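Student: sequence and predicted structure below; questions after.
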Amino acid sequence: MNAGPETGTDRAALVRRLREGMAASVLSFPLTSFREDGSLDADGYRAYVAERLAAGPGALFPACGTGEFFSLDEDEYRRVVTIAVEETADRVPVVAGTGYGWAQALRFARVAEEAGADALLVMPHYLTAAPQEGLVAQLERIAAGTRLPLIAYQRGQVAYTVDSVRRLAGVPGVIGLKDGHGDLDLLQRMVLAAPDDFLFFNGAATAEVQARAYTAVGVPAYSSAAHAFAPEIAHAFLDALRADDHGTVDKLLRDFYAPFVELRDRVPGYGVSLVKAAARLRGRPVGPVRAPLTEPTAAHLTELKTLLTAGLDLVGAAL
């Protein structure tokens, strides 16, 4: 089981491992398995995580947005992160989600430490907008209360300035930024302002759609929602992107990713609900989403199945 970095040397080693993983493959954000009654399905989750790992991600991010962190209590969170660490067996870094206000984030951080996670992804705080000084202070308070390195996640009401990213890069324990806004002009300036060892990755919804643009500003690594249900498609896209095979990239974007985004955008929360439904279509033991998310309609499920079949056909895989 991972011990969790405690020193600057350990943090530097983790940054190297994450950078190597980000260069080698996509980042995997596993779904959390629930039973039909809404309870946690630990056995299903273990089997599902094992399959994600067999597909060769660069790192595993359990209990994050795709994993419905916002719906987990602390006991469930502990089981989810523990299972992820056990199944990973130190093959790739495990970065667990945390969030809400800094006090609650630290409660989850302590659980993640005990479970053996390597680092934390700090998701946007709850509800209120905040000035830059407060956004930086939030990360400072969390960093001061945990021995696990932090990756900040800007999305929703959290949007850093270049100066704030420069300040975050100077906070001991803050090692990177996941960007979910897609403001490439701003992101380019953040990359230029941050030290070379500060990690950046593309966390836009359905990140492949913007992967070429992010790569152009020096952020080639990305999280892949497709890896949660169709790693064959995710890896085929990454291979084509890395090989500058623009024909294959365009075909996958045109015939799979762009239509998926159009379907995803029809209903709030479909960024998780459709991913989970697609995993179920492939027989994976992930179960339903929890409220406030809702299941896709029957008509949307039919569209999803057609789209998924087409995407798998493109890469020579079966439903």
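Tutor: Cool, got the structure.
Student: what residue ranges in the stretch 51-200 of the chain score low on pLDDT?
Tutor: Within the stretch 51-200 of the chain, not a single segment meets pLDDT under 70.
Student: show me where it has its helices.
Tutor: 74-88, 102-115, 132-145, 162-169, 184-193 (DSSP state H, counting those that start in this stretch).
Student: can you tell me how far Ala211 sits from Ala194?
Tutor: For Ala211, the distance to Ala194 equals 20 Å [Cβ to Cβ, to the nearest Å]. (Each C-beta comes from the backbone N, C-alpha and C, glycine too.)
Student: which one of these two is surrounded by more residues?
Tutor: Legend: neighbour count by other Cβ atoms under 10 Å for Ala211 and Ala194, higher for Ala211 (24 against 19).
Student: quick check, that one in contact with Val217.
Tutor: No. Between Ala211 and Val217 there is no contact under Cβ atoms under 8 Å: 11.5 Å.
Student: number of nearby residues for Arg35?
Tutor: Neighbours around Arg35, by other Cβ under 10 Å: 13.
Student: I meant to write Ala205 there.
Tutor: 18.
Student: contacting residues for Val162?
Tutor: Going by Cβ atoms under 8 Å, 6 or more residues apart in numbering, Val162 touches 186, 189-190, 193.
Student: who wins for most neighbours among these?
Tutor: Met190 (26 neighbours).
Student: tell me the contacts of that one?
Tutor: 160, 162, 165, 177, 200.
Student: now with 6 Å, please.
Tutor: 162, 165 (Cβ atoms under 6 Å, 6 or more residues apart in numbering).
Student: quick one, strands of this structure?
Tutor: With strands called from DSSP state E, the chain shows them at 27-28, 59-60, 95-98, 119-122, 150-154, 174-179, 199-202.
Student: how about the ones you listed in CSV, adding mean neighbour count?
Tutor: CSV is the format used below for the strands of the chain (neighbours: other Cβ atoms under 10 Å):
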stretch, mean neighbour count
strand 27-28, 26
strand 59-60, 26
strand 95-98, 30
strand 119-122, 28
strand 150-154, 24
strand 174-179, 26
strand 199-202, 22
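Student: distance to Ala129 added to the ones you listed, as TSV?
Tutor: As requested, the strands of the chain are exported to TSV (distance: least, Cβ to Cβ, whole Å):
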stretch	distance to Ala129
strand 27-28	28
strand 59-60	30
strand 95-98	20
strand 119-122	17
strand 150-154	13
strand 174-179	18
strand 199-202	24
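Student: for Lys178, which non-adjacent residue is spatially closest?
Tutor: Gly203 (3.9 Å; Cβ to Cβ, 6 or more residues apart in numbering).
Student: now do the buried residues in stretch 108-122.
Tutor: Across stretch 108-122, burial judged by 16 or more other Cβ atoms under 10 Å covers 108-113, 115-122.
Student: those residues: which two are farthest apart?
Tutor: Greatest spatial distance among the buried residues of stretch 108-122 (Cβ to Cβ): Gly116 and Val122, at 18.5 Å.
Student: stretch 248-268 - what's its average pLDDT?
Tutor: Per-residue pLDDT over stretch 248-268 has a mean of 98.
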